[in-house]
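Novice: the following block contains a protein sequence and its predicted model.
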Amino acid sequence: MSQFIQSLVERSRKAQQILCTYDQEKTDEIVKMFAKVVFDHAQPLAKLAAEESRMGVYEDKITKNKGKSRIIWNSLKGKKSIGIIGRDEEAGLIEVAKPMGVIAAATPCTNPVVTPMCNAMFAVKCQNTIIIAPHPRGKKCAMALADLYYKELDRMGVPRDIFLVIEEPTIDLTTELMSACDAVIATGGMGVVKSAYSSGKPSYGVGPGNVQGLIDEGIDYKAAAGRMIASRIFDNGIICSGTQSIIAPEKDYDSIIREFVAQGAYYIDDPAVVASLSEVVFPGGVINKNVVGQSVKTIAGLAGITIPEGTKVIIVKPERHGAGVAWSKEKMCPMMAAYSYKTWEEAVQIAYDNLLVEGEGHSADIQSDDKAHIEYAGVKLPVSRVVVNQTCSSMAGGAFANALNPTTTLGCGSWGNNAISENLFYTHLMNKSRIAFVKKNWKQPSDEEIFA
């Protein structure tokens with residue numbers, strides 16, 4: 001291990017010893033501060049994120065900074081995370097929360113502000129300290145955030161070293177950090193996630209997104225189109241939970257597409273144009289880094305096609321779905337693929353086949369009022385989240401309108417080679433001691449009763 005990483009971890013451990021002396025109230029004050037700073041500085045942090053990462057939409061990043069800081073703090077306040085957190089008198093069980101120690105967090109350039117904020121909030125809520133290893137195109141954001149936090153920590157009399165950042169991140173330094181800390185959160189590409197799982201430490205990672213969007217017959221197509229477009233175009237499509245496809249009933253397909261076009265979509269069903277566009281977006285079958293997080297105007301320019309002024313999203317109609325088709329993959333830009341189906345079972349199969357290409361374990365976007373259809377998809381699809389009649393990109397990571405844990409790290413289960421098939425939450429960053437008493441009025445059943 002390099003002297004630099006060793007020194008960083010030692011500083012973090014000393015700060016963690018002090019953090020552990022605080023009561024719940026003071027600990028929560030720090031957690032609240034982490035959120036409030038991002039909320040109060042949403043605009044300059046969003047501007048820096050857009051400039052440094054060279055992707056996404058400035059206004060959407062403001063919305064994200066405000067929205068995530070607001071909802072994550074709201075979900076954490078008032079929750080016990082220190083000492084005795086649960087008593088079950090009947091079962092004779094007491095649960096005691098204890099910190100894990102120093103958390104290493106690899107954070108992405110797609111969310112260079114809210115992911116470090118969220119990880120820090122979850123870590124410190126359980127009296128862990130944290131060291132951020134940002135993506136190189138997010139290091140200025142991480143340091144700007146640290147500087148804002150340090151002013152507040154100084155005012156509060158709290159050691160700055162509870163939140164540390166690798167100022168000049170490299171793959172080697174991030175790998176070293178993961179091995180030196182007590183637990184790891186890896187949010188980003190599969191390379192950093194694989195590195196986390198190879199660190200020898202408990203790790204939480206994410207999987208690639210490829211959210212399949214299913215539209216059921218007879219619903220409000222106008223409302224569904226609005227939600228799905230909003231999901232796809234948010235931050236120019238770099239959100240992993242953004243809706244990637246439109247799987248629509250064949251009998252209403254044309255009218256549904258007309259609704260998308262009326263709301264700003266540019267629709268392409270000419271096979272030759274779809275094929276040439278595929279070579280621009282997926283040269284050699286791999287996403288073109290020059291389209292990631294870019295506007296529809298930029299993408300159209302690269303492809304040499306003319307689109308109407310005010311176009312929000314480009315929709316293509318591939319001739320096939322599933323394996324061997326680039327459009328079946330995640331498109332990290334304002335583009336969607338459209339398919340038609342005859343039966344709901346076929347719709348779910350299309351989504352299933354595309355998920356096997358990419359995005360297994362992540363999320364599905366379902367626009368439906370049919371409970372049986374929704375539950376059928378929920379049973380059949382290999383995803384951790386099925387988001388119903390919502391804007392998936394902004395709500396799969398938790399929302400005031402649903403009961404999913406508010407987070408910036410969406411676990412994808414064993415499908416995505418992840419440890420959890422749910423949204424990462426503060427409870428994943430605590431150890432628990434369980435004090436077990438003899439249960440009241442316990443009685444062992446007879447062998448006849450047990451094997452009846």
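Specialist: Perfect, I can see it now.
Novice: give me phi/psi at Asn423?
Specialist: Main-chain dihedrals, Asn423, degrees, to the nearest 10: phi -80, psi 130.
Novice: any idea how far it is from Glu95?
Specialist: 21 Å (Cβ to Cβ, to the nearest Å). Glycine gets a C-beta too; all of them are placed from N, C-alpha and C.
Novice: quick one, which of these two is more surrounded?
Specialist: Asn423 (19 against 16; other Cβ atoms under 10 Å).
Novice: and the more buried one, what's its pLDDT?
Specialist: In this model, Asn423 is scored at 97, pLDDT.
Novice: list the contacts of it.
Specialist: Arg385, Gly397, Gly398, Leu404, Asn405, Pro406, Thr407, Thr409, Leu410, Gly411 (Cβ atoms under 8 Å, 6 or more residues apart in numbering).
Novice: just the strands in the stretch 51-200 of the chain please.
Specialist: 83-88, 93-99, 102-107, 129-134, 163-165, 183-186 (DSSP state E, counting those that start in this stretch).
Novice: so, low pLDDT: which residues of the protein?
Specialist: For the chain, no stretch has pLDDT under 70.
Novice: ok, back up a step: now render the strands of the stretch 51-200 of the chain as TSV, adding distance to Gln244.
Specialist: Formatted as TSV, the strands of the stretch 51-200 of the chain follow (distance: least, Cβ to Cβ, whole Å):
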stretch	distance to Gln244
strand 83-88	39
strand 93-99	38
strand 102-107	23
strand 129-134	26
strand 163-165	32
strand 183-186	23
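Novice: out of the contacts of Asn423, which sit inside strands?
Specialist: Arg385 (DSSP state E).
Novice: from the contacts of Asn423, which is closest to Asp353?
Specialist: For those, the minimum distance to Asp353 (Cβ to Cβ) is 19.1 Å, reached by Arg385.
Novice: residues in contact with the spatially closest residue to that closest one that is not a sequence neighbour?
Specialist: Among residues not flanking Arg385 along the chain, Ser363 sits closest, at 4.2 Å (Cβ to Cβ, 6 or more residues apart in numbering). Neighbour list for Ser363: Gly209, Val211, Ser241, Val383, Ser384, Arg385, Val386, Val387, Cys392, Ala396, Leu410 [criterion: Cβ under 8 Å, 6+ apart].
Novice: ok, the third one touching Ala396?
Specialist: Yes: Ser241 is in contact with Ala396 according to Cβ atoms under 8 Å; the separation is 3.8 Å.
Novice: shared neighbours of those two, which are they?
Specialist: Val211, Ser363, Arg385, Val387, Leu410.
Novice: okay, these in TSV with distance to Asn418 next?
Specialist: Converted to TSV, the shared contacts of Ser241 and Ala396 look like this (distance: Cβ to Cβ, whole Å):
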residue	distance to Asn418
Val211	16
Ser363	13
Arg385	13
Val387	18
Leu410	9
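Novice: can you tell me which of those end up in helices?
Specialist: Judged by DSSP state H, helices contain none of these.
Novice: need the nearest residue in space to Cys20, chain neighbours excluded.
Specialist: Cys20's closest residue in space is Gln127 (Cβ to Cβ, 6+ apart), at 5.1 Å.
Novice: revised request: answer the last question for Gly310.
Specialist: Gly264 (6.3 Å).
Novice: wouldn't that neighbour be in contact with Ile229 here?
Specialist: Yes: using Cβ under 8 Å, Gly264 makes contact with Ile229 at a distance of 6.5 Å.
Novice: out of these two, which sits in the more crowded spot?
Specialist: Ile229 (23 against 17).
Novice: can you pull the contacts of that one?
Specialist: Ile229 touches Phe260, Gln263, Gly264, Ala265, Lys312, Val313, counting by Cβ under 8 Å, 6+ apart.
Novice: ok, and the closest non-adjacent residue to the first one?
Specialist: In space, and not counting its chain neighbours, Phe260 is closest to Ala225: 4.8 Å by Cβ to Cβ, 6+ apart.
Novice: burial of the one you found, as a residue count?
Specialist: Residues near Ala225, counting by other Cβ under 10 Å: 24.
Novice: next, it: phi, psi?
Specialist: Residue torsions, per degrees, to the nearest 10, at Ala225 are phi -60, psi -40.
Novice: please, where are all the helices along the stretch 351-452 of the chain?
Specialist: For the stretch 351-452 of the chain, helices defined by DSSP state H, counting those that start in this stretch occupy the ranges 371-380, 392-395, 447-450.
Novice: for Ile307, which of those is the nearest?
Specialist: helix 392-395 (21.7 Å).
Novice: how far does the closest one sit from its chain's centre?
Specialist: 9 Å (Cα atoms, centre = their mean, to the nearest Å).
Novice: could you redo the contacts of Ser363 as a markdown table and give each row neighbour count?
Specialist: Compiled in a markdown table, the contacts of Ser363 are given as follows (neighbours: other Cβ atoms under 10 Å):
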| residue | neighbour count |
| --- | --- |
| Gly209 | 25 |
| Val211 | 29 |
| Ser241 | 22 |
| Val383 | 28 |
| Ser384 | 24 |
| Arg385 | 25 |
| Val386 | 18 |
| Val387 | 27 |
| Cys392 | 31 |
| Ala396 | 31 |
| Leu410 | 28 |
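Novice: relative to Lys201, which of these is nearest.
Specialist: Distances from Lys201 to those, taken by Cβ to Cβ, are shortest for Leu410, at 20.6 Å.
Novice: on that earlier part again, any residues in contact with both of Gly264 and Ile229?
Specialist: With Cβ under 8 Å, 6+ apart, Gly264 and Ile229 have common neighbours Lys312, Val313.
Novice: part of a strand, is Ala248?
Specialist: Yes: Ala248 sits within a strand when classified using DSSP: H, G, I helix; E, B strand; the rest coil.
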